[in-house]
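**Student:** everything below, folded, please.
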Amino acid sequence: MGIIIALLIFGLIVTIHEFGHFICAKLSGIKVLEFSVGMGPKLLQKQFGETKYSLRLIPCGGFCSMEGEDSFDDDPRGFRNAKLWKRMIVLVAGAVMNFILGFIMIVIMVCMFTQIPTTKISGFSGILNDDGSKTYYAQSYHTGLRHGDEIVEMDGTSIYSILDVNYMFATTKLKSHEVVVKRDGEKIKIDGVVFRDDNSGEAVDFALETAKKAPLAVLDCSCDIFKSMSHIVGMSLKQLITGKVSKDDVSGPIGIVTEINETTARAESTEDAVFSLVYLTALITINLGIFNLLPIPGLDGGRLIFCFIELIRRKPVKPEHEGYVHLAGMALLFGVMILVTINDIIHLFKH
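**Tutor:** Residues are numbered from 1 along each chain as shown. This is a model prediction of the structure:
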């Protein structure tokens, strides 16, 4: 069941991405030859006007085929014959649709919260004394944090939502931290903050405020979590490029399917399973949107680079030359995907 759900999630994410290219191409007057939901052998195909619409066997992908994508032709409605700004919009549209889907998933996720989480400190671990005073075991209190402080930065990393707070505690190996908080309307930098409960030994020694669920609060929290997810994906890609992330921590389609399968199996209730799947869908689609905009040949971002070159040179790069670059980029990406898939299979057998 988990595998079927994973395939459907992949299918939704990729179809939404390709739909972005499709709708903007249509609105720009570019001729679309085929729009396909799924990959592999055709199950159904209908032609409406100049475009074929097909449903294919494997529900984990899709594509939008446009006239003259990789070469100049005589058709005035070919992709390369369209105005530069129209081509750039078509290329960006896929990632934009991924971001829109991600935001919708986050709104659904936040609506499932009983209360809206914030990054404002509501209290510290400790005990209430007989005289009404409180003895704090929280090192974060003794090293400078106070009730009502809103955490906005930690170790140079911006904090937008509770997602960033959790990420920092999950990934940091530092014993003390540089924290920036908003206190009484002013930003204050506090050095040497230690997060530890001396009594229990817990790594997190403070609680965060929650807000009542209301439409504006849901929207505001959704925007913050969207920024957090985008930020975390960006940091992860940076760590991957700089070698700070081990190859064992990188997952491809098989690894993601396995994670989705395990997530549904671990869920204690249907609501927990739905929440986890919505969260993973948001994270994957935002990841795909950002990754596709990277300036890598073969990806939308790589094609955008050639658009910018054309903008500067006032003339396009020869299609065959651009094609060679994209072919090399796709070969490289395909090689990386093979290595990641092998790594996923090894992990699967070890597990």
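
**Student:** now do the end-to-end distance for stretch 119-135.
**Tutor:** For stretch 119-135, the first-to-last residue distance is 23 Å (CA to CA, to the nearest Å).

**Student:** any idea of the mean pLDDT for that stretch?
**Tutor:** Mean pLDDT, computed over stretch 119-135, is 79.

**Student:** and it, what's buried?
**Tutor:** For stretch 119-135, the neighbour count (16 or more other CB atoms under 10 Å) marks 119-121, 124-126 as buried. In short, each C-beta sits where N, CA and C put it, glycine included.

**Student:** who touches that stretch?
**Tutor:** Contacting residues not belonging to stretch 119-135 are listed as 136-138, 140-141, 145-152, 159-162, 164-165, 197, 199-200, 202, 205-210 [CB atoms under 8 Å, 6 or more residues apart in numbering].

**Student:** any idea which element the residue nearest to Ile159 when sequence neighbours are not counted lies in?
**Tutor:** Of all residues not flanking Ile159 in the chain, Ile151 sits nearest, at 5.0 Å (CB to CB, 6 or more residues apart in numbering). Following DSSP states H and E, one finds Ile151 within strand 150-154.

**Student:** what's in contact with that strand?
**Tutor:** With contact meaning CB under 8 Å, 6+ apart, strand 150-154 is reached by 118-121, 158-159, 164-165, 168, 177-183, 187.

**Student:** which other residues reach the helix or strand just after that strand?
**Tutor:** Downstream of strand 150-154, the first helix or strand assigned by DSSP H and E is strand 157-158. With contacts defined as CB under 8 Å, 6+ apart, strand 157-158 is touched by 152, 164, 168, 231, 235.

**Student:** what do you get if the cut-off is 7 Å, keeping everything else the same?
**Tutor:** Outside strand 157-158, the residues that touch it by CB atoms under 7 Å, 6 or more residues apart in numbering are 168, 231.

**Student:** and the contacts of stretch 119-135, which of them are buried?
**Tutor:** By neighbour count, with 16+ other CB under 10 Å, the contacts of stretch 119-135 hold 136-138, 140-141, 145, 149-152, 159-162, 164-165, 197, 205-206, 208-210 as buried.

**Student:** out of the residues you listed, list just those in helices.
**Tutor:** Those of the buried ones among the contacts of stretch 119-135 mapping onto helices are 140-141, 162, 164-165, per DSSP state H.

**Student:** nearest to Trp85, of those?
**Tutor:** Nearest to Trp85 out of those is Asp164 (CB to CB; 35.2 Å).

**Student:** now the two most distant members of the buried residues of stretch 119-135.
**Tutor:** The two members of the buried residues of stretch 119-135 with the most space between them (CB to CB) are Thr119 and Gly126, at 20.9 Å.

**Student:** in stretch 67-81, what counts as buried?
**Tutor:** For stretch 67-81, by 16+ other CB under 10 Å, it's 67-69, 77-81.

**Student:** make CSV from those and add secondary structure and distance to Glu322 to it.
**Tutor:** Below are the buried residues of stretch 67-81 laid out as CSV (DSSP: H, G, I helix; E, B strand; the rest coil; distance: CB to CB, whole Å):
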residue, secondary structure, distance to Glu322
Glu67, coil, 17
Gly68, coil, 13
Glu69, coil, 11
Arg77, coil, 20
Gly78, coil, 15
Phe79, helix, 12
Arg80, helix, 10
Asn81, helix, 15
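
**Student:** so Asp75, which of the three states?
**Tutor:** At Asp75, secondary structure determined by DSSP: H, G, I helix; E, B strand; the rest coil is coil.

**Student:** does it touch Ala82 like I think?
**Tutor:** No - using CB atoms under 7 Å, Asp75 is not in contact with Ala82; the gap is 10.6 Å.

**Student:** quick one: low-confidence ranges for the stretch 1-150 of the chain?
**Tutor:** Where the stretch 1-150 of the chain drops to pLDDT under 70, the residues are 1-2, 60, 129-132.
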